[in-house]
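> with the sequence up front, the predicted model follows.
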Amino acid sequence: MTASLNALLAIETIKKLKYTYLRAVDTHDWELLTTTLSEDCSARYDDGKYSFDNRDQLINGLKGHMDSPQVITMHNCHHPEIEFIDESTATGKWYLQDLVFNKDQNWMLFGTAIYTDQYRLDDGIWRICHTEYQRIMETINAPIPATLSFTYSMFDHQ
Amino acid sequence: MTASLNALLAIETIKKLKYTYLRAVDTHDWELLTTTLSEDCSARYDDGKYSFDNRDQLINGLKGHMDSPQVITMHNCHHPEIEFIDESTATGKWYLQDLVFNKDQNWMLFGTAIYTDQYRLDDGIWRICHTEYQRIMETINAPIPATLSFTYSMFDHQ
Amino acid sequence: MTASLNALLAIETIKKLKYTYLRAVDTHDWELLTTTLSEDCSARYDDGKYSFDNRDQLINGLKGHMDSPQVITMHNCHHPEIEFIDESTATGKWYLQDLVFNKDQNWMLFGTAIYTDQYRLDDGIWRICHTEYQRIMETINAPIPATLSFTYSMFDHQ
């Protein structure tokens, strides 16, 4: 198997890793989220506004902000640009589009950002070992328009 | 050619299959849509709210809901997680972001969902043989804000 | 190395090329944008409404429309369908989702379109040599709702 084929296989695996991470965040599946992160994973979200120095801090931090049925989020990462530093270390740039509804506090946020991640292969498994993003833009709508109805939330059906 | 290379080629083909399906839906190209589905393709959209048991039912069902110049949709599927069951069967998870304008009835819908598809290789061609999604969230805006103008629709230029 | 593996490597490179182009546009990085285009690159954006016949025209045209901190854009391209014409020429279809805020003129635009690009391998480097899109739909909101606040723009922090 050539080095190029190995690289393509690892790129596909790293993309799926990121997609699992994002799916876990938006479905509040904290156990699944844990499997995508190295124990020493650090995070600098929103230019460092939300900073975490290891996996436990990161999971607890996200849970603190999001683990409520009143908080509904969409985190979509597009445009993967994956590069290898060596065979077991890679970086990834992504274009984030995020949408947050906070029904308790009656606001919604829409924004975009450029993510820069680091991935590491430990014991044959790729995990996110650092993640950060810098905003392009962020808007907040408050109050949520009276014409908008929430017709479904998975968190009301669990 | 190795099994890994074959898998990567099939993943690329399956992604393009899904993209063709979504492009066909949003451009109301029902003939193109037909080419992406197996004859026995079943669908359970929106947790089974819209259910179809074969390709003809599915196409007719979508046409019934969408084949009007007054209905403008965006169905974007992100975050592909493709897995093989065997060499000619695969599953795919996707993160749907959908937007629907119904100009006749004066509402717009925005939602997200997790798609779970099944794909099958018949006579050398991958097709969708089952598709379903479960919503994360759905919102409806009614009426459409008076400040919003439709400045272009491809269905007004055909 | 097989032809199939070469094709997959080129597809990955072409996708990253497009993502770099889009990141450059939305971050107003005109120097980075230049590296993604062939010198003879032509463009027919929005069914030819914005037409450019070479790279210099294209860059100057985009700068004219967008190079202001008051203009904040999101250009996301999804659903890549890359096909090879020969080993050094390829086409790509993409599903564009774009959002434009013009703060000076107090309007926002949201739309979707199908991109059709051409890519060429010159001296070992893939570049975009033609790009065009046809709208599915376009909406304009004016004025920007008074409930919407811009809480961050990267162009206010440079």
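Here it is on my side, so go on.

> what about stretch A:19-35, near chain C?
No: counting by CB under 8 Å from any CB of the partner chain, chain C is not contacted by stretch A:19-35; separation bottoms out at 13.6 Å. Placement of C-beta: from N, CA and C, glycine included.

> how about the residues of chain A near chain B?
Contact residues, chain A versus chain B (CB under 8 Å from any CB): A:1, A:5, A:8-9, A:12, A:15-16, A:18-20, A:22-23, A:26-27, A:72, A:74, A:76-78, A:101, A:145, A:147-154.

> confirm for me that A:I128 is in contact with A:L121.
No: between A:I128 and A:L121 there is no contact under CB atoms under 8 Å: 11.7 Å.

> which SS state does A:V25 fall under?
Classification of A:V25 using DSSP: H, G, I helix; E, B strand; the rest coil returns helix.

> which element is the residue nearest to it when sequence neighbours are not counted on?
Distance criterion CB to CB, 6 or more residues apart in numbering or on different chains; nearest residue to A:V25, sequence neighbours excluded, is A:H75 at 5.5 Å. Per DSSP states H and E, A:H75 falls inside strand A:71-86.

> in chain A, what residue spans correspond to helices?
Here chain A has its helices, by DSSP state H, at A:3-26, A:30-35, A:55-66.

> which parts of the first one are buried?
Of all the residues in helix A:3-26, those buried under the rule 16 or more other CB atoms under 10 Å in any protein chain shown are A:5, A:7-8, A:10-12, A:14-26.

> can you check stretch A:61-78 too?
Neighbour counts over stretch A:61-78 (16+ other CB under 10 Å) mark A:62, A:66, A:71-78 as buried.

> over to stretch A:82-93?
A:82, A:84, A:90, A:92-93.

> need the residues that contact that stretch.
The contact list for stretch A:82-93 (CB atoms under 8 Å, 6 or more residues apart in numbering or on different chains) reads A:6-7, A:10-11, A:14-15, A:18, A:79-81, A:114-122, A:126, C:19, C:23.

> ends of that stretch, what's the gap?
Stretch A:82-93 has an end-to-end distance of 7 Å (CA to CA, to the nearest Å).

> and that stretch, how far from the chain's centre?
18 Å (CA atoms, centre = their mean, to the nearest Å).

> ok, A:D47 touching A:Q134?
Yes: the criterion here is CB under 8 Å, and A:D47 meets it with A:Q134 at 5.3 Å.

> ok, these two, which is more surrounded?
Taking neighbours as other CB atoms under 10 Å in any protein chain shown, A:D47 and A:Q134 compare with A:Q134 leading, 18 against 15.

> how near is the more buried one to A:K18?
According to CB to CB, to the nearest Å, A:Q134 stands 17 Å off from A:K18.

> and the worst-scoring helix or strand of chain A on mean pLDDT, which strands flank it?
Across the helices and strands of chain A, mean pLDDT, DSSP states H and E gives its lowest value to strand A:50-52, namely a mean of 94. With DSSP bridges as the test, strand A:50-52 is paired with strand A:37-45 (antiparallel).

> hmm, who's touching the partner strand?
A:21, A:50-55, A:58-59, A:61, A:120, A:122, A:127-133.

> residues contacting the one residue sitting closest to the centre of chain A?
Chain A has A:L22 as the residue nearest its centroid, 4.5 Å off, counting by CA atoms, centre = their mean. By CB under 8 Å, 6+ apart, the contact list for A:L22 reads A:75-77, B:79, B:95.
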